[in-house]
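In: Quick one, fold the following:
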Amino acid sequence: MFETVFYFPWEVSLIVFLQSSLPGFVLGFFGVISEVVSKNVLALLFISIYLAYNKDWGKFTLLSLGVAGVCCEFIKVTVARLRPYAVVDKIKCIHANVADQNPLDFKIQGYSFPSGHTMMATNLFLAIPIYVRNILYVSIGLIGVLIVALSRVGLGVHFPTDTIAGFIIALAIILILSRLYDKIENRLYLYLAIIVLSLVGVLFCPEISYIKYVALTLGISLGFLAEEKYVNFENPKSRRDAIVRLVGAVILFVLLFILIPKFAGNTDLVKCIVHFLCTFIMLAIYPLAFKKIDRDG
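Out: Predicted coordinates:
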């Protein structure tokens, strides 16, 4: 694969300034942020919102997360921009994207442009506020996105332009989906469009790292299709129902997304199966149990 190197001088100056000026505990906190703002954490959070709090909010956040992941990985692999610490000697890799692996192995660490963490943070802090059109929460959410973006730059794993691009792309996806989500009466067409576009991307980007995100997006879209046609569950009617659903979701998530890959082998094939099948089970199969576990059911 042809890897690219490009950056502006001010980007290097900013990274070096942050790494030389910020105290160690701040850089350590940035490392914690990297672990917390991750795909699995956000998936569990958004699935929990979908199952145990507000079904519509959960659907919107999961769709935006899936589409953002597909777009992010497609661009990452296509552009193949090396991370700052790999091209500038003065920049240190304080916390690698995958901490226990070689930071220079970009098949594992991923490429630099755009910043996936910044895109996930944009989904985390802005998807629901934009969807419900709450300006106050949007303003607060922007602060959260800025902190995450700053952490990625300070850790030496992203150029500032990576984080800017990640924010713009994720924000555009949220804005477009928020327009389409309520206007399209039959969401079947929206789900099918997402599926088709994701699969078409495989023709131009047949890399396993991209295919994993396609599998995740297929699991989300097909899960919603099946749920709407065969299940159509309602939001919990009591706190007790919400807690029971949430506990069940956490247990199922750990079983499907953590224990199964551990015992089945953490291979690329297993990861793709887990991304698709386990997401589908969480979104469409698990809600079948709500009539049994809800008090009013």
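In: Okay, now the unreliable bits of the protein?
Out: For the chain, the stretches with pLDDT under 70 are 1, 266, 296-297.
In: Test my guess that residue 8 contacts residue 162.
Out: No. Using Cβ atoms under 8 Å, residue 8 is not in contact with residue 162; the gap is 11.7 Å. Every residue, glycine included, has its C-beta placed from N, CA and C.
In: more crowded one of those two?
Out: More neighbours surround residue 162 than the other of residue 8 and residue 162, with 28 against 11 (other Cβ atoms under 10 Å).
In: residues in contact with the more buried one?
Out: For residue 162, the contact set (Cβ atoms under 8 Å, 6 or more residues apart in numbering) comprises 81, 112, 113, 114, 115, 118, 152.
In: residue contacts, the closest residue to the first one other than its chain neighbours?
Out: What it means is residue 81. The shortest distance from residue 81 to any residue other than its chain neighbours is 3.9 Å, reached at residue 113 (Cβ to Cβ, 6 or more residues apart in numbering). Contacts for residue 113 were tallied using Cβ under 8 Å, 6+ apart; they are 75, 76, 79, 81, 159, 161, 162, 165.
In: Among those, which are located in helices?
Out: 75, 76, 79, 161, 162, 165 (DSSP state H).
In: Which positions within stretch 167-181 qualify as buried?
Out: 167, 169, 170, 171, 173, 174, 177, 178, 181 (16 or more other Cβ atoms under 10 Å).
In: Check the ones in helices among the contacts of residue 113 and tell me the two furthest apart.
Out: 76 and 161 (13.6 Å; Cβ to Cβ).
In: Have a look at these two and say which one is more surrounded.
Out: The neighbour comparison of residue 76 against residue 161 (other Cβ under 10 Å) goes to residue 76, with 23 against 19.
In: The more buried one touches residue 114, doesn't it?
Out: Yes. Counting by Cβ under 8 Å, residue 76 touches residue 114, with 7.2 Å between them.
In: From residue 221, how far out is the nearest residue to residue 272 once chain neighbours are set aside?
Out: Excluding the flanking residues, the one nearest residue 272 by Cβ to Cβ, 6+ apart is residue 215, at 4.5 Å. According to Cβ to Cβ, to the nearest Å, residue 215 stands 11 Å off from residue 221.
In: ditto for residue 189
Out: Taken as Cβ to Cβ, the span from residue 189 to residue 221 is 11 Å.
In: So between those two, which is more surrounded?
Out: residue 221 (27 against 11).
In: So which bits of the helix or strand hosting the more buried one are buried?
Out: Following DSSP states H and E, one finds residue 221 within helix 208-226. Using 16+ other Cβ under 10 Å as the test for burial, helix 208-226 gives 209-225.
In: try stretch 269-281
Out: 271, 272, 273, 274, 275, 276, 277, 278, 279, 280.
In: how about the nearest residue to the first one, chain neighbours excluded?
Out: Spelled out, that is residue 271. Closest to residue 271 by Cβ to Cβ, 6+ apart is residue 212, at 5.5 Å.
In: correct me, but the one you found touches residue 272?
Out: Yes. If you go by Cβ under 8 Å, residue 212 and residue 272 touch, sitting 5.7 Å apart.
In: just to revisit the earlier point, would you reformat the buried residues of stretch 167-181 as JSON lines and include secondary structure and distance to residue 131?
Out: Below are the buried residues of stretch 167-181 laid out as JSON lines (DSSP: H, G, I helix; E, B strand; the rest coil; distance: Cβ to Cβ, whole Å):
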{"residue": "167", "secondary structure": "helix", "distance to residue 131": "17"}
{"residue": "169", "secondary structure": "helix", "distance to residue 131": "17"}
{"residue": "170", "secondary structure": "helix", "distance to residue 131": "14"}
{"residue": "171", "secondary structure": "helix", "distance to residue 131": "13"}
{"residue": "173", "secondary structure": "helix", "distance to residue 131": "12"}
{"residue": "174", "secondary structure": "helix", "distance to residue 131": "8"}
{"residue": "177", "secondary structure": "helix", "distance to residue 131": "8"}
{"residue": "178", "secondary structure": "helix", "distance to residue 131": "5"}
{"residue": "181", "secondary structure": "helix", "distance to residue 131": "7"}
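In: burial count for residue 116?
Out: Quick note: residue 116 (other Cβ under 10 Å) scores 26 neighbours.
In: Okay, it and residue 154: tell me how far apart.
Out: In terms of Cβ to Cβ, residue 116 sits 16 Å off from residue 154.
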